[in-house]
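Asks: Whatever this is, show me its structure:
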Amino acid sequence: MRQMKDSGIEWIGEIPEEWQLDKGKSIFCQRNERGNNIELQILSPSQKLGVVPQSLLEERTGHIAVKVKEETDLRAFKTIHKGDFCISLRSFQGGFEYSAYEGVVSPAYQVFYPIKSISDRFYSYIFKIQPFIDKMNSFTMTLRDGKNISFSDFGNSYIPYPPLTVQYKIADFLDDKCAKIDSLIDHEEATIEELKAYKQSVITEAVTKGLDKSVSMQDSGVEWIGKIPESWSISKIKMLADETQENAFIDGDWIESPYIEDTGIRYLTTGNIGDGVFKRQGNGFISNETFTKLQCKYAYPQDLIFSRLNEEYGRSCILPNDYDKYVIAVDNVILRTNEDKKYICYVTQCSNYHKAVFFYARGTAMKRISRTNLGNVAIPLPSIAEQQQIADYLDKKCADIDSLISIKQQKIEELKEYKKSFIYEYVTGKKEVA
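Replies: Okay, here's the model as predicted:
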């Protein structure tokens, strides 16, 4: 068994006797080259892909990178070469990023390069382990309002420097092992997407075609719905409102941030309205005095709430019994109805419904659908008894599917944690590559 020694560095712990500890500035040097308008492409750091061209980032992740105008003077940008690493000035949540490309990055990043012989893959692993990230993030917490991380913070921090042959050996091992784990994760994620698609098809089939496959069908006249059973009707959302109830179909209230407090009447935003589920997040309240002053409207447990803002537009959920009353933000709509609310919630989870609602969304920086347009969206409507049957059927069916998804998600988390732990064990020398 090889001999170990105490590194004296908390996040590293013990390391092999033959390993060195060097300060970051003994292994790397800060790069201060500036860009130009002609030769270098603009690169974007990404936690999953490293430092890559913006086009590749968009292609691989779907993330739309911040566009730089053609006339922008790139001389303020920082040059980054293949083999360099990139540091965010403000946060190391994803670690340092490695560049396999030549280009420039935003001035919001610092660039550094090796001045000793290293395996860049070995240090790519070092710079992604959570104990290292936590150590680097600690430098942003020294002031009340935070501070930028300087290269000297990293440069004066000790990091492992094993023999070069060991670096390559560990990197090769981790590349192979991580690829296998990532393949397992990809498989589980693909299965989750298949289960979600299956759940979507089950919901859509039930709320538009019903449970009895032997009934005669008719054309609904609504593109997103298609054919429906002959006994069903089509109704606009606003027509579901029970006009005998107060505020049967009405927007929430405009509450400005100075009115938000820590106690009082629970205040809900669009972020609380999930796609068929209530999201317990945020902790805003308004006082009874504010409620009276602003002439707010109560929402109650078991009220059906639609969200007009952010995708999925027109999503809905039923308010839980957490409080005896609520106040909701203006971009939400209260619908009080005698129809089965769970059935309506399932209707609003259909992807084709979301597409129909999105057609009416307006806005540039932030799209939303007006209450009027939301109210004019048509949905299929069976009898109350059949609505309840469909809702009960979907409750059980969706719970079974969600349970399978949850098992898969747990497996993914376990694989990710396993991957993190063994990377740490090998890059700090606690485990030796055979």
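
Asks: Output the lowest mean pLDDT helix or strand found in the chain.
Replies: helix 54-61 (a mean of 71; mean pLDDT, DSSP states H and E).

Asks: from the chain's centre, how far out does the helix or strand just after that one sit?
Replies: Downstream of helix 54-61, the first helix or strand assigned by DSSP states H and E is strand 78-80. With C-alpha atoms, centre = their mean, to the nearest Å as the basis, strand 78-80 stands 29 Å off its chain's centre.

Asks: Helix or strand next in line after strand 78-80, which one?
Replies: Later in the chain than strand 78-80, the nearest helix or strand by DSSP H and E is strand 85-88.

Asks: what about Ala108, neighbour count?
Replies: 13 (other C-beta atoms under 10 Å). Yep, even glycine has a C-beta here, placed from its N, CA and C like the rest.

Asks: wait, it sits on Ser88?
Replies: Yes - the pair Ala108 / Ser88 is scored as a contact, 6.9 Å apart, by C-beta atoms under 8 Å.

Asks: Quick check: end-to-end length of stretch 272-280?
Replies: Using C-alpha to C-alpha, to the nearest Å, the end-to-end distance of stretch 272-280 comes out at 6 Å.

Asks: make that stretch 212-224, sorry
Replies: Rule used - C-alpha to C-alpha; the end-to-end distance of stretch 212-224 is 20 Å.

Asks: Identify the residues contacting it?
Replies: With contact meaning C-beta atoms under 8 Å, 6 or more residues apart in numbering, stretch 212-224 is reached by 208-209, 226-232, 234, 350, 352-353, 355-356, 378, 380.

Asks: Let me see the ranges of the helices in the stretch 1-150 of the chain.
Replies: 24-27, 54-61, 120-126, 130-137 (DSSP state H, counting those that start in this stretch).

Asks: Could you tell me the least trusted of those?
Replies: Among those, helix 54-61 carries the lowest mean pLDDT, a mean of 71.

Asks: In a helix, Val207, correct?
Replies: Yes - per DSSP: H, G, I helix; E, B strand; the rest coil, Val207 lies within a helix segment.

Asks: hang on, the earlier thing: among the contacts of stretch 212-224, which are located in strands?
Replies: Lys227, Ile228, Pro229, Ile234, Ala378, Pro380 (DSSP state E).

Asks: Show me which pair in the residues you listed is furthest apart.
Replies: Within those, two members stand farthest from each other by C-beta to C-beta: Pro229 and Ala378, at 15.7 Å.

Asks: neighbours of Glu425, just the number please.
Replies: With other C-beta under 10 Å as criterion, Glu425 counts 13.

Asks: oh, I was asking about Phe112
Replies: 21.

Asks: Which pLDDT value goes with it?
Replies: Predicted confidence (pLDDT) for Phe112: 94.

Asks: quick one: the strands in the stretch 101-250 of the chain?
Replies: Under the criterion DSSP state E, counting those that start in this stretch, the stretch 101-250 of the chain contains strands at 103-105, 109-114, 158-161, 217-219, 227-229, 233-236, 249-251.

Asks: quick one, which of these is nearest to Lys199?
Replies: Nearest to Lys199 among the strands of the stretch 101-250 of the chain is strand 227-229 (20.7 Å), distances taken as C-beta to C-beta.

Asks: Regarding Lys408, what is its secondary structure?
Replies: Applying three-state DSSP: Lys408 is helix.

Asks: okay, now it: neighbour count?
Replies: Neighbours around Lys408, by other C-beta under 10 Å: 19.

Asks: So it is in contact with Ile192, correct?
Replies: Yes - with contact defined as C-beta under 8 Å, Lys408 reaches Ile192; the gap is 5.0 Å.

Asks: For Glu193, give its distance to Lys411.
Replies: Per C-beta to C-beta, to the nearest Å, Glu193 is found 14 Å from Lys411.

Asks: And for Ser403, the neighbour number?
Replies: Around Ser403 there are 11 other residues, counting by other C-beta under 10 Å.
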